[in-house]
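Undergrad: Everything below, folded, please.
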Amino acid sequence: MKKKISLLFSLFMVTAMLLTACGGTAQETAAPSGDAPAASGTITLNLFHKWPEPEALEFFKLAIDTYQERNPNVKIIQEAASDEAYKDKIRVLMASNEVPDIFFTWAGEFSWKFSRAGQTLDLTDYVNGSTWKDEVVMSAVQPFEFKDRIYGIPLRINAKFMAYNKEIFEANGLQVPTTWDEFLAVCETLKNANIVPIAFGNEFPWASSHYVGDFNAKLVPPEVISSDYLLTGEADTLFTHPGYIEALKRFQTLGDSGYFNKGMNGISHSNARSSFIAGKAAMFYLELEEFQTLADGKEGDWFGFFQLPGGTGGEGDQKLITGAPDGFMISKNTKYPEEAAKFLQFLTGPEMGAKYVEMLGIPSAAVGAVTPENALPSVVEGLNQINAASGMALWMDTDMDVRIVEVYLPGLQALLMGTNTPEALMQSVHDIAVKVQEAIK
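TA: Have a look, this model is predicted:
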């Protein structure tokens, strides 16, 4: 069965709260691993991540500067690229054997394929043989394990929620929906009031995959999703469960019914978020890490949030929440494994974890890093909801082979444009899954 995060976050959250009650463009061009000069005893580590935003770069600069002050023999060069550019570049670097010493990874298949290929450093002994195992939430480490060995370390914890404008809901007499039918009724009421129900930017269709991945998790049995996503099932059964088609029909309903804004395939996720902040839409499907952006964008307690509700009769787990920890891996070919591991331990540990929450408003995976004193109440509540979930459905676009993703995601855009159907799309997904399964045998 596909791994789920057991979510022991509640333990560290409660502990932390009790203690506090009685915290797109590269920044620098990184040289390939091993090309760094060692003059005067100085070694250079290259760090590559997917957060080029100024506030994120400021955090990483603080972490790097602090570590270098304490370890003057180490120089760390960071490079950053946004999501799609990062995915493209890290694959090129992997294929050319020019892997940065420390690099970002999503949990699930995105990281497992690197471990399968022997491109990542086994961190198990580094973690278990030091205080590291007590400094990060180990349940968040689980999605980075491969064959019971640790190959990645989480930096942050993230999940998907539907944010809503409290004023718009109140003005239209709306309550937070708890079922799929109630959710559709809310959308219809808003549409009839000439209010865009959901701001949606699908220029990069990972945004679609977050909807569909959540629907899949609630409509398809977990063991079926596991065998399909990991390609361990019989070839003729891959992606044939009727729940996949029902998931696409749900998604199509949102588009065909006019519940999304017009032109969603030509709008970025960030532009859709700005539209929501400006009051031009009533709801917006976003990640927990974006709560701070909403709070910074408009004063007051103006937004609430809820989990995208499931329907009736689904064979999946209705208590799953879509999301995952994000983290880092170390190249197997780094010339400096000890120093790379030491810096990664520092970057993901409690000291920098608290700074991460304070500076970015994003939940850190470091033990005790998130407290009511350094995080928004909505972020703390979001973590509480993650704790209450039965597990996490990892991001669909990083939890299956990229060759399947490259068929699945453009198909979701075509579905919204009316140039594809749920049945035809799932047939295409099945066909490519069979080919990929055969190729990796």
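Undergrad: Who does residue 150 form a beta bridge with?
TA: In this structure, residue 150 bridges to residue 145 when assessed by DSSP bridges.
Undergrad: pLDDT below threshold where in the stretch 201-350 of the chain?
TA: Counting by pLDDT under 70, the stretch 201-350 of the chain has low-confidence residues at 311-312.
Undergrad: the strands in this structure, which residues?
TA: Counting by DSSP state E, the chain has strands at residues 43-49, 74-80, 102-106, 145-146, 149-150, 153-165, 196-199, 281-287, 303-306, 320-330, 391-393.
Undergrad: same for the longest one, what does it pack against?
TA: The reference is to strand 153-165. Judged by 3 or more Cβ pairs under 8 Å, 6 or more residues apart in numbering; DSSP states H and E, strand 153-165 is in contact with helix 138-141, strand 281-287, strand 303-306, strand 320-330, helix 337-348, helix 377-388. (Each C-beta comes from the backbone N, C-alpha and C, glycine too.)
Undergrad: Recalculate using a threshold of 6 Å.
TA: Packing contacts for strand 153-165, counted by 3 or more Cβ pairs under 6 Å, 6 or more residues apart in numbering; DSSP states H and E, involve strand 281-287, strand 303-306, strand 320-330, helix 337-348.
Undergrad: again, but for the first one
TA: Other elements packing on strand 43-49 under the criterion 3+ Cβ pairs under 6 Å, 6+ apart are strand 74-80, strand 102-106.
Undergrad: Pull out the buried positions in the first one.
TA: Applying a neighbour-count criterion of 16 or more other Cβ atoms under 10 Å, the buried positions in strand 74-80 are 74, 76-80.
Undergrad: Adding distance to residue 68 and pLDDT as columns, could you present the residues you listed in TSV?
TA: As requested, these are arranged in TSV below (distance: Cβ to Cβ, whole Å; pLDDT from 0 to 100):
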residue	distance to residue 68	pLDDT
74	6	97
76	7	98
77	11	98
78	12	97
79	16	97
80	18	97
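Undergrad: Widest-spaced pair of those?
TA: Farthest pair in the buried residues of strand 74-80 (Cβ to Cβ) is 74 and 80. Separation: 19.4 Å.
Undergrad: ok so, going back, looking at the buried residues of strand 74-80, spot the one nearest residue 247.
TA: Of the buried residues of strand 74-80, the one sitting nearest to residue 247 (Cβ to Cβ) turns out to be residue 80, at 33.2 Å.
Undergrad: Let me know how buried the residue lying closest to that closest one once chain neighbours are set aside is, in neighbour terms.
TA: Using Cβ to Cβ, 6 or more residues apart in numbering and skipping residues adjacent in sequence, the residue nearest residue 80 is residue 52, 4.0 Å away. Under the neighbour criterion other Cβ atoms under 10 Å, residue 52 is assigned a count of 18.
Undergrad: Begin at 698, not 1, for the rest of this chat.
TA: Sounds good: first residue 698 from here, last item residue 749.
Undergrad: Ok, which of the helices and strands packed on strand 850-862 comes nearest residue 993?
TA: Nearest of the helices and strands packed on strand 850-862 to residue 993, taken as Cβ to Cβ: strand 1000-1003 at 11.9 Å.
Undergrad: Check which helices and strands the closest one is in contact with.
TA: strand 850-862.
Undergrad: And the contacts of the strand it packs on?
TA: Contacts of strand 850-862 with the rest of the structure, by Cβ atoms under 6 Å, 6 or more residues apart in numbering, involve 837, 907, 979-986, 1000-1003, 1005, 1018-1020, 1022-1025, 1041, 1045, 1059-1062, 1083.
Undergrad: just the angle between that strand and helix 1034-1045, please?
TA: Relative orientation of strand 850-862 with respect to helix 1034-1045: 30 degrees, computed using axes from the mean of the first three to the mean of the last three Cα atoms, to 10 degrees.
Undergrad: Distance from the chain centre to strand 850-862, please.
TA: Centroid displacement of strand 850-862 relative to its chain, using Cα atoms, centre = their mean, to the nearest Å, is 7 Å.
Undergrad: Between strand 740-746 and it, find me the angle.
TA: Using the same axes, to 10 degrees: strand 850-862 against strand 740-746 is 30 degrees.
Undergrad: pLDDT on strand 850-862, on average?
TA: Per-residue pLDDT over strand 850-862 has a mean of 96.
Undergrad: tilt between that strand and strand 1017-1027?
TA: Angle between the axes of strand 850-862 and strand 1017-1027 is 140 degrees (criterion: the same axes, to 10 degrees).
Undergrad: CA atoms of strand 850-862 as CSV?
TA: Output of strand 850-862 as CSV, limited to C-alpha atoms (Å, rounded to 0.1, in the frame of the first residue of the first chain):
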residue,chain,number,x,y,z
ILE,A,850,14.8,15.5,5.0
PRO,A,851,11.7,17.7,5.2
LEU,A,852,12.1,21.5,5.5
ARG,A,853,8.4,22.3,5.8
ILE,A,854,4.9,20.8,6.0
ASN,A,855,2.2,21.7,3.6
ALA,A,856,-1.4,20.8,2.6
LYS,A,857,-4.2,22.1,0.5
PHE,A,858,-7.3,24.0,1.7
MET,A,859,-10.1,26.0,0.1
ALA,A,860,-9.9,29.6,1.4
TYR,A,861,-13.1,31.7,1.4
ASN,A,862,-13.9,35.4,1.8
